[in-house]
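When you get a sec, could you give me coordinates for this:
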Amino acid sequence: MRLVSFVLLLPGFLSATEIPEGTHLLLRLVNSVSTRTARPGDRVYLRTASPIVVNGQFLVPVDSFADGVITHSVRSGRIKGRAELGIRIDSVTLPNGKTIRVSPQLSSVDSAGSGQQVAGSENEVKQGGTKGKDAERVAVTGAEGAAIGGIADNSWKGAGIGASIGAAVGLGATLLSRGREVELPHGATLDVTFNHPVKIE
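Model (predicted):
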């Protein structure tokens with residue numbers, strides 16, 4: 001009598017061949033990116049800083065390569081307009097050389113205390129406003145002007161003139177200088193989310 005052996009695969013032990021929708025992946029930049037110099041079409045190189053594990057299997061290990069592209073880059077304006085940087089992740093290459101085509105959604109980025117953050121669902125990083133800093137600069141130069149004017153003229157009138165001149169200088173400097181750029185240095189992290197399943201064949 002011929003014996004036939006088989007293995008019953010339970011649902012929890014099926015071979016994982018798909019990255020599920022909603023999966024998060026942390027990526028770390030290999031090269032730095034800034035709206036000061038970035039141009040559409042520039043490549044972005046990253047490594048995975050977290051693994052993707054499904055049913056106990058490592059589908060994407062840590063330190064896998066990832067590749068992306070700058071979709072658009074806008075510098076911060078001198079009077080108005082905040083810096084914007086668009087990034088699209090195109091692929092992940094596994095240690096065995098297999099390349100997976102992906103298109104995850106950018107969820108968050110390192111802010112480095114600058115106020116930059118992901119805006120909406122357009123894979124864009126936008127810099128925060130600088131109104132507070134601008135007002136502070138005008139106030140500081142105005143106070144310095146008042147102090148100098150008061151000392152020079154030894155009167156409140158001199159202080160008032162000095163304050164006006166100082167404020168004007170501060171305002172002029174603010175109008176001539178650009179706002180903060182989007183800066184993603186080497187080692188900065190990006191969190192991405194898979195909006196649809198991705199098969200690994």
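
who touches Ser34 in this structure?
181-184 (Cβ atoms under 8 Å, 6 or more residues apart in numbering). Bear in mind the C-beta positions are built from the backbone N, C-alpha and C, glycine included.

How about residues contacting stretch 112-132?
35, 71-72, 76, 82-88, 105-109, 111, 179-185, 188.

Which members of the contacts of Ser34 define the maximum pairwise distance?
Taking Cβ to Cβ, the two most distant members of those are Glu181 and Leu184; they sit 10.1 Å apart.

okay, the two: which has more neighbours?
The residue with more neighbours, out of Glu181 and Leu184, is Leu184; 23 against 20, by other Cβ atoms under 10 Å.

Would you mind confirming that the more buried one is in contact with Ser111?
No: applying Cβ atoms under 8 Å as the test, Leu184 and Ser111 come out as separate, 10.2 Å apart.

Which helix or strand in this structure has the lowest average pLDDT?
helix 131-153 (a mean of 49; mean pLDDT, DSSP states H and E).

All the helices of this structure, residue numbers only.
Shown for the chain, the helices assigned by DSSP state H span residues 131-153, 156-176.

can you pull the buried residues of stretch 18-30?
For stretch 18-30, burial by neighbour count (16 or more other Cβ atoms under 10 Å) applies to 19, 23, 25-29.

before we move on, what about stretch 44-53?
So, applying 16+ other Cβ under 10 Å, buried residues of stretch 44-53: 44, 46, 48-49, 52.

among the residues you listed, which are in strands?
44, 46, 48, 52 (DSSP state E).

Farthest-apart pair in the residues you listed, please.
Pairwise over these, using Cβ to Cβ, the maximum falls at Val44 and Ile52, 19.5 Å.

No further questions, thank you.
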